[in-house]
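Colleague: Generate a structure from the sequence data that follows.
(2 chains)
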Amino acid sequence: MQKFSSYFLLSLFFLFLTAFNTFPEADGHVYKCMIQMTNYPGEGAYVAVSVLDKDHNYLKTLHVMGDDPEWQEDLTSWFGFFSKNEHPDIDAISGETRAGGERIMFMVEIEDELIDAGNFLRLESAVENQKYVEDEILVPLTSGSLSDKIEGSEYIRYVRFIPAK
Amino acid sequence: MKNSISLLLLLFCTLLAAQNSNIFYNRDFWKKNPGVERIKKEIKAGNDPVALNPNAFDAIVYASLEGAPLESIKYLLSLEGNSVNKITHDGRSYLIWAAYAGNLPLVEYLIEKGSDVTIEDDHGYNALTFAANAGQQDTRLYDVLIKSGIDVKSVNRSGANALLLVAPSLEDDKLISYFTSKGISLNSTDENGNNIFNYAARKGNTKLMDLLISKGVNYKTLNKENGNAVLFAAMGGRGYSNPIEVYDYLAKLGLQTNVVTTSGRTPLHYVAGNGSSPAIVQYFLDAGVDPKQKDDEGNTALLAAARAGNLEVVKMLLPLAGDIDQANKDGVTPLAYSVMRNNGELFDMLIRKGAQPNLRDAKGNSLAGIAFNSFNKRNAETFEHILGVLKVNGADFKDVQENGNNLFHLAVLKQDPYLITKAARIGISPNEKNNEGLTALHLAAMKAGNPELISLVLNEGGDKEIRTDFEESAYDLAMENEMLTEFRNDLSILKIN
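Modeller: The predicted structure is shown next:
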C-alpha cells in the first residue's frame, strides 16, 4: 500500500512537471486558427505562421502547415530562422496542408505579452512549382487584428482567430 | 438559363480540351525541329506558347529538352509571359533545363540575356549540379556555367557536389581531372559521408570504380549511417537497377552484402522496390539479409515491394516476412498499397492469402477511403472490383475517414463526378459535417471550378440550408470561390429560398 502511494505521488509529481513544461507561460492563450485557401490550382500549400518582433525578426513559430522537412525548406525566411535555432518539437506544431479552396483549423498558443507589443504576425506560403510568398500576410499582432478576418494575398483568402473555450 | 449553362460548359470543355492538346506540350513536335514560322502558325491555331501544363512544363522547357532550333527558342522567349527567369517544373529555370540537356548555345544565350544563375530548384540543384547529375560530359558547358558566377563547389540539398553527381556517368578520368583541378577534392563527401565510390556504385559503374581504387579512393569506408557501396548499388538510379554482376564485383572487393544502416535499412528494402528481378532479391536473401528488418519508418522489404506493385517479389517475400498485415508507422499495410496503386492482381492475391481488408491507416482511412483517394477513371473497373470485394468482406462504407470526412467528402475533394455518383449510390450522405464543420456540398462550393459539380451534389441530395460553424451557407462559400467568378449567375441554384 505504501509502495503504491509513493508511486502515485511520484507520478503526480511528474504529471505536474509535464504540465508546466507544456505551458511555461501561465498567461498564454489558446486560439483556434482557421485558414481559408483561395481556389488556386495545384498542390497543397506549405504555410508557416510566425510571430515577428518590430524589426521583423522571428520570435516564435505558431504553426506550420506541411510536415515534410524537404518542402518546409521552401518557406525560405522561416526556414532560415528555424534551421539556425534550437527548437521545441517541430512535429508538435506542424501538420496537414490544404489545397485550393479548402480550409483548415488548428490550435495555436499565443502569450498575452506578445500581443499589442509592437510585434507582427506573418504567414508565409509556398506551393510546389509555384512561387514562394514571404508576406502572404504581415500585420501588427494586436488584439484588434486577432478578432478580425485577416486577408491573404496569394494562396490564402483569409485567416480567423477564435479564442478557444 | 439552362442553355447558357450548357454553353458555358461546352466552352469550358473546349478550353480544357485545347489545354490538353496543346501541341507545344508534345515532345515529338519539338523533335521535328520546328522553325519560327511553324510555331507562329501553331500559336494562331490556338496553341498556347506560354501556359504551364499541370506538371508546370511549358513550350520552352520541352523545346529545350528536345533540342529545338535556337532561333525558335529565342522567339518563344520574346513572347509576353515568357522570360529568362520563369520558374517551371520542380522550381527550375530555363537555364537549369538547358544545362541538364547539355544545350550549350542555349545556356550561353540565356546567361547573356540575364538568366539568374543563382536559382536553385526544389531539390537544391543549380544549373551546374543539375548538369552534372544528368551526366553531362562537355567541359565547355561547365566552363561557361562557372564563368557566369556559379561556384564549382556548389552542392545539392544532400550536400553532393558536381563531381559526386556526375560520377555514376563517367567513363574515364577526364571530368575527374577537370573538377579536381577546379578545387573539388577527389575525397569529398556529401553530408551523409558518401564519397565518389558510393556514387559510382549507384549505376554499377565498375570501370570507374576500378579507376577510383587505382587512384587510392577509399572504397570501404562506411557513411554516417553505416551504409556501404552495396547499399548504394542496391538503390540504383531513377528507373535503373543494377544487375547481379555489380553485387558480385562489390562482394569480391570484400564489401559486406548483408549490411544494415543505423536507420534500419538493408539492400533488400531497395531491390524489393526498384524493379530488380526476383533473382536479385534471392541473392540478398541467400546472403542472409533479414527480410523482417524494419527501417525507422517501419517499412520492410515486403512493404517496399507492395508499394512498387511488384507482384512476383511480394509472392517471394510473403512466406518469409512474417505478418501479411504488417504496417509501417503510417499504418499502411501491403494490402493498402495495392489499393493505392489500383493493382487488382496484387490486391486479389493478398486477399486470397488472408490479408485483413478492414484495417485502417494511422490517420483513420479505411481501404474504401484509400480507394476513393487513389481513384483514376482509367482504372474504374479495378476500383469497382476492389470496392466489391471490400463490401463482401463486410466493410461499412459509411465509416468516417481522416479529418472526419466520409466518402462523399472524398469524392468532392477529388472533384470527380464518377466518385460523387458512386458515393451517393452506396448510400453516403452529402450532408454530414467533417472536422472542419463542412458538408460535401460546402466543399463542392469551395473547390469546384464549374457549377456542374455543385449541381451534381445538389441532385444527389445535398442540403443547401446547412451552414458552416461560421454561419456560412454553401451559396456564401461559392460566391467567394475565385474559380466560379464567371459563373456567379449560375450559382443561384444554391440560394436558400
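Colleague: Just give me the neighbour total for whatever residue of the stretch 101-250 of chain B ends up closest to chain A.
Modeller: Closest to chain A within the stretch 101-250 of chain B is B:D122: 6.8 Å, counting by C-beta to the nearest C-beta. For every residue, glycine as well, the C-beta is placed using N, CA and C. For B:D122, the count of nearby residues is 18 (other C-beta atoms under 10 Å in any protein chain shown).
Colleague: Then B:R27?
Modeller: Neighbours of B:R27 (other C-beta under 10 Å): 11.
Colleague: Test my guess that it contacts B:V61.
Modeller: No: if you go by C-beta atoms under 8 Å, B:R27 and B:V61 don't touch, sitting 10.4 Å apart.
Colleague: Give the bridge partners for A:P163, please.
Modeller: A:P163 has these beta-bridge partners by DSSP bridges: A:Y31.
Colleague: got a list of what it touches?
Modeller: Shown in contact with A:P163 (C-beta atoms under 8 Å, 6 or more residues apart in numbering or on different chains): A:H29, A:V30, A:Y31, A:K32.
Colleague: From chain B, how far out is the last one?
Modeller: Read that as A:K32. For A:K32, the distance to chain B (C-beta to the nearest C-beta, to the nearest Å) stands at 10 Å.
Colleague: And the lowest mean pLDDT element among the helices and strands of chain B?
Modeller: For chain B, using mean pLDDT, DSSP states H and E, the weakest element among its helices and strands is helix B:2-20, scoring a mean of 49.
Colleague: which bits of chain B sit near chain A?
Modeller: Within chain B, the positions lying close to chain A (C-beta under 8 Å from any C-beta of the partner chain) are B:52, B:54-56, B:87-91, B:122-123, B:157, B:403, B:413, B:435-436, B:438, B:443, B:446-449, B:470, B:480-484.
Colleague: if you look at these, which of them are in helices?
Modeller: Taking DSSP state H, the ones among the residues of chain B next to chain A that sit in helices are B:L413, B:L443, B:M446, B:K447, B:E480.
Colleague: so B:S158 makes contact with B:E191?
Modeller: Yes: under the criterion of C-beta under 8 Å, B:S158 makes contact with B:E191 at 6.1 Å.
Colleague: Give me the distance from the helix or strand hosting B:K40 to the chain's centre.
Modeller: Using DSSP states H and E, B:K40 sits within helix B:36-44. Its chain's C-alpha centre and that of helix B:36-44 lie 33 Å apart, by C-alpha atoms, centre = their mean, to the nearest Å.
Colleague: element containing A:V64?
Modeller: When secondary structure is defined by DSSP H and E, A:V64 falls within strand A:58-65.
Colleague: Mind listing the strands that strand pairs with, and their directions?
Modeller: Strand A:58-65 is paired, per DSSP bridges, with strand A:46-52 (antiparallel), strand A:94-95 (parallel).
Colleague: Tell me which of those strands approaches A:S77 most closely.
Modeller: For the strands paired with strand A:58-65, the distance to A:S77 is smallest for strand A:46-52, at 8.4 Å, taking C-beta to C-beta.
Colleague: contact partners of that closest one?
Modeller: For strand A:46-52, contacts defined as C-beta under 8 Å, 6+ apart pick out A:33, A:35, A:58-66, A:71-72, A:74-75, A:78, A:81, A:97, A:108, A:110, A:114, A:119-127, A:136, A:138, A:141, A:155-156.
Colleague: Quick one: buried ones out of the residues of chain B next to chain A?
Modeller: B:52, B:56, B:87-91, B:122-123, B:157, B:403, B:413, B:436, B:438, B:443, B:446-449, B:480-481, B:483-484 (16 or more other C-beta atoms under 10 Å in any protein chain shown).
Colleague: Could I get the buried residue list for the next helix-or-strand element following the strand holding A:V64?
Modeller: Elements were assigned by DSSP H and E; along the chain past strand A:58-65, the next helix or strand is helix A:69-72. By neighbour count with 16+ other C-beta under 10 Å, helix A:69-72 contains the buried residues A:W71, A:Q72.
Colleague: Tell me how far stretch B:434-446 lies from the chain's centre.
Modeller: Stretch B:434-446 sits 28 Å away from the centroid of its parent chain (C-alpha atoms, centre = their mean).
Colleague: ok, now stretch B:60-74?
Modeller: With C-alpha atoms, centre = their mean, you get 25 Å for stretch B:60-74.
Colleague: List the buried residues in it.
Modeller: Quick answer for stretch B:60-74 (16+ other C-beta under 10 Å): B:I60, B:V61, B:Y62, B:A63, B:S64, B:L65, B:E66, B:A68, B:P69, B:S72, B:I73.
Colleague: Same question for stretch B:405-425.
Modeller: Residues of stretch B:405-425 classed as buried: B:405-416, B:419-420, B:422-424 (neighbour count, 16+ other C-beta under 10 Å).
Colleague: residue ranges with poor pLDDT in the chain?
Modeller: With no chain named, the answer covers chain A. Counting by pLDDT under 70, the ranges of chain A that qualify are A:1-27, A:86-88, A:165.
Colleague: meant chain B actually
Modeller: Chain B contains residues with pLDDT under 70 at B:1-20.
Colleague: Show me where it has its strands.
Modeller: Assigned by DSSP state E, chain B shows no strands.
Colleague: Need the distance between the two termini of stretch B:141-154.
Modeller: 16 Å (C-alpha to C-alpha, to the nearest Å).
Colleague: sorry, that was for stretch B:304-312
Modeller: End residues of stretch B:304-312 are separated by 13 Å (C-alpha to C-alpha).
Colleague: Off-centre distance for that stretch?
Modeller: With C-alpha atoms, centre = their mean as the basis, stretch B:304-312 stands 17 Å off its chain's centre.
Colleague: buried set for that stretch?
Modeller: Quick answer for stretch B:304-312 (16+ other C-beta under 10 Å): B:A304, B:A305, B:A306, B:R307, B:A308, B:G309, B:N310, B:L311.
Colleague: What is the nearest of those residues to B:D143?
Modeller: Nearest to B:D143 out of the buried residues of stretch B:304-312 is B:A308 (C-beta to C-beta; 40.6 Å).
Colleague: And the residue nearest to the closest one when sequence neighbours are not counted, how close does it get to B:G344?
Modeller: Closest residue to B:A308 apart from its sequence neighbours, by C-beta to C-beta, 6 or more residues apart in numbering or on different chains: B:G273 at 4.2 Å. Between B:G273 and B:G344 the distance is 20 Å, computed by C-beta to C-beta, to the nearest Å.
Colleague: Comparing these two, which residue is more hemmed in?
Modeller: Higher neighbour count among B:G273 and B:G344: B:G273, with 21 against 18, using other C-beta under 10 Å.
Colleague: thought that one was touching B:N299?
Modeller: No: B:G273 is beyond contact range of B:N299, at 9.0 Å (criterion: C-beta under 8 Å).
Colleague: Top of the contacts of A:P163 by number of neighbours, please.
Modeller: A:Y31 (17 neighbours).
Colleague: That one and chain B: what is the separation?
Modeller: For A:Y31 relative to chain B (C-beta to the nearest C-beta), the value is 15 Å.
Colleague: Enumerate every residue touching that residue.
Modeller: A:Y31 neighbours (C-beta under 8 Å, 6+ apart): A:M107, A:V108, A:E109, A:I110, A:L146, A:F161, A:I162, A:P163, A:A164.
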